[in-house]
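Chemist: Make a model of this:
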Amino acid sequence: MNDEALSLFKSRQQAIRKEKNYYNKFIFNGHFTVFLLILLGAFIFGYGQWLQHIPQHIDYALFASLVVAIVSLFPIRTLLKDADRLFLLPFEKHMEHYMKVSLIYSYGSRIVLQVILIIVFFPIFNKLNHNQFGFYIAFAACALIYPYIGLLIRWDWLKLNYNKWIINLLLFLFIALTYYLILKFHNYVALVIVLLLIGGIILLKSKARLRLFPWEKMIAIEHQHHTNYYKFVNMFTDVKHLRESAVRRSYLDFLLPVPRGKKFNENRMYLFLFIRSFVRGRDVFTIILRLVVIALILMIWLSNPFVSLIIGCLFMYIILLQMSQFYTQQAYGLWPQVWPVSDTKVIKGYEQFLYRLMLIIGIIFTLAFTIKYPTMFFFSFFFFLVGLLTKRSAIKKLKYQETLLRD
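Modeler: This is a model prediction of the structure:
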């Protein structure tokens, strides 16, 4: 039966890998790959410049401990589906081996991010401690061990049907404390916490040994992982499995005045639709907001005006380019069937929406660039230039696609 459980997991894993390989063709296309390479180069350059004049008044040990502790809470991946709550119930007593393999998969799928953080933080502590890095090896070892310990504890906690926020908070505090004691005080006694957590694993396993699987929660956790992945992919291509949802966001109502009188016509309806879908949408709005925040952080942190200028232009380009997927979601949805209009009016409405979005992002980037480099504020016109050229290219491509569809 263990072989059958392992075979089931491998088949699910292969299906996930096949799906990701399919979507990766759309995500890591030419322009996005170039964007990532330039962004990586800018980060390395800025990071090296910053390390030469590293500020001394910041508690880097606390910051690194909190960041790595948050990332150390790896999500549990069960790869279960809705139908499993019925068809796998008779197989439940043999599912323990399945879950052991799934926890290893959960660890392996996220450990790369942990390794990247360890590498990124190493130059800071190596410089601050004058090339003494023995303590950092202990920190790195803990950062690689803790995630798997956390997965074991959280799995047994899930079987016991306890509140997940309690165990997440406790694990975060224990892990962050260990990291901080090692990084700040080079105190290896903190490794005792590892033994305490191992003791917690033994205690929880003894209590959860005879408990039934929480199928509903296990399936819901996996479904949430898939949904989050589909939301990201949906910025690059259509995802049929994704269900759209809306958020009220009453504080943005001023952006949605109801068209009245002569403004309520086919010439303005799609501008209103695109703006409303963007403001009320759960996915696109939050993703664009995150990209803008990341761009602002990099522009301010990388203390070089030309690097900041490149970062702003790149983010302007990538945001507007990826919004083309937003067009397909709206133009081929329900409203064109309810109120059919010419596709030229749909594209015109999208062009007006894209122009307004470009202006807002350009103004935000200009303010950040001007505050950071007031004597070079005139260079900020490049943000708008890149935005206009990107908008023009995107609209031209959409018109060409619509022409092909008409044929």
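Chemist: only C-alpha atoms for contact and neighbour calcs from this point on.
Modeler: Will do.
Chemist: Report the buried residues of stretch 143-152.
Modeler: Of the residues in stretch 143-152, those scored as buried under the neighbour-count criterion (16 or more other C-alpha atoms under 10 Å) are 143-144, 146-152.
Chemist: Give me the residue at the spatial middle of the protein.
Modeler: Nearest to the geometric centre of the chain sits residue 232, at 7.2 Å (C-alpha atoms, centre = their mean).
Chemist: Please produce TSV containing the buried residues of stretch 143-152, extended by secondary structure, pLDDT and distance to residue 219.
Modeler: Formatted as TSV, the entries for those read as follows, by DSSP: H, G, I helix; E, B strand; the rest coil; pLDDT from 0 to 100; distance: C-alpha to C-alpha, whole Å:
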residue	secondary structure	pLDDT	distance to residue 219
143	helix	95	28
144	helix	95	27
146	helix	95	25
147	helix	95	21
148	helix	96	21
149	helix	95	22
150	helix	95	20
151	helix	95	17
152	helix	94	18
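Chemist: export those to TSV and tack on distance to residue 161?
Modeler: As requested, those are exported to TSV (distance: C-alpha to C-alpha, whole Å):
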residue	distance to residue 161
143	27
144	27
146	22
147	21
148	20
149	19
150	16
151	15
152	15
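Chemist: Pick out whichever of these sits closest to residue 5.
Modeler: Using C-alpha to C-alpha, the shortest approach to residue 5 within the buried residues of stretch 143-152 belongs to residue 152, at 18.7 Å.
Chemist: what's the neighbour count on the closest residue to that closest one other than its chain neighbours?
Modeler: Distances taken as C-alpha to C-alpha, 6 or more residues apart in numbering put residue 201 closest to residue 152, at 6.8 Å, once the chain neighbours are dropped. Under the neighbour criterion other C-alpha atoms under 10 Å, residue 201 is assigned a count of 20.
Chemist: pLDDT at residue 201, what is it?
Modeler: According to the per-residue confidence, residue 201 scores 91 in pLDDT.
Chemist: Show me how far the helix or strand containing residue 46 is from its chain's centre.
Modeler: Residue 46 is located in helix 30-52, with elements delineated by DSSP states H and E. Going by C-alpha atoms, centre = their mean, to the nearest Å, the spacing between the C-alpha centre of helix 30-52 and its chain's C-alpha centre is 19 Å.
Chemist: So for it, mean pLDDT?
Modeler: This predicted structure assigns helix 30-52 an average pLDDT of 78.
Chemist: Just the residues contacting it, thanks.
Modeler: With C-alpha atoms under 8 Å, 6 or more residues apart in numbering as the test, helix 30-52 has contacts from 123-124, 298, 301-304, 307, 311, 314, 318.
Chemist: Among those residues, the buried ones, what's the ChimeraX command?
Modeler: Those of those that meet the burial criterion (16+ other C-alpha under 10 Å) are gathered into one ChimeraX selection, given here:
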select :123,124,298,302,303,304,307,311,314,318
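Chemist: Surely residue 121 and residue 67 touch.
Modeler: No: here residue 121 lies out of contact with residue 67, judged by C-alpha atoms under 8 Å, at a distance of 10.4 Å.
Chemist: Looking at those two, which is more packed in?
Modeler: Regarding residue 121 and residue 67, a neighbour count based on other C-alpha under 10 Å identifies residue 121 as having more, with 15 against 12.
Chemist: tell me which residues in stretch 306-325 are buried?
Modeler: Burial within stretch 306-325, assessed by neighbour count using 16+ other C-alpha under 10 Å, is assigned to 307-325.
Chemist: centre of the chain versus it, how much separation?
Modeler: Relative to the chain's own centre, stretch 306-325 is displaced by 17 Å; criterion: C-alpha atoms, centre = their mean.
Chemist: same for the helix or strand where the residue nearest to the centre of the chain lies, what does it pack against?
Modeler: Residue 232 is part of helix 215-233 when elements are defined by DSSP H and E. In terms of contacts (3 or more C-alpha pairs under 8 Å, 6 or more residues apart in numbering; DSSP states H and E), helix 215-233 is packed against helix 84-87.
Chemist: following the helix it packs on, which helix or strand comes up?
Modeler: Moving toward the C-terminus from helix 84-87, the next helix or strand (DSSP H and E) is helix 96-128.
Chemist: Tell me the confidence at residue 105?
Modeler: Taken from the predicted model, the pLDDT recorded for residue 105 is 95.
Chemist: Would you agree it is in contact with residue 77?
Modeler: Yes: using C-alpha under 8 Å, residue 105 is in contact with residue 77, at 7.3 Å.
Chemist: Which one of those two is surrounded by more residues?
Modeler: The residue with more neighbours, out of residue 105 and residue 77 and counting by other C-alpha under 10 Å, is residue 77; that gives 23 against 17.
Chemist: Least confident secondary structure element in the protein?
Modeler: Of all helical and strand segments in the chain, the minimum by mean pLDDT, DSSP states H and E falls on helix 335-338, at a mean of 64.
Chemist: Please enumerate the helices of the stretch 301-407 of the chain.
Modeler: Taking DSSP state H, counting those that start in this stretch, the helices of the stretch 301-407 of the chain run over residues 305-322, 324-331, 335-338, 343-372, 381-406.
Chemist: so the fourth one versus helix 381-406, what angle?
Modeler: Using axes from the mean of the first three to the mean of the last three C-alpha atoms, to 10 degrees, the inter-axis angle of helix 343-372 relative to helix 381-406 is 160 degrees.
Chemist: Same question for helix 343-372: list its buried residues.
Modeler: 345-355, 357-358, 361-363, 365-366, 368-370, 372.
Chemist: Show me the domain layout of this protein.
Modeler: 1-238, 248-404 (the TED database).
Chemist: weakest of these in terms of mean pLDDT?
Modeler: domain 248-404 - the lowest mean pLDDT of the domains of the chain, at a mean of 81.
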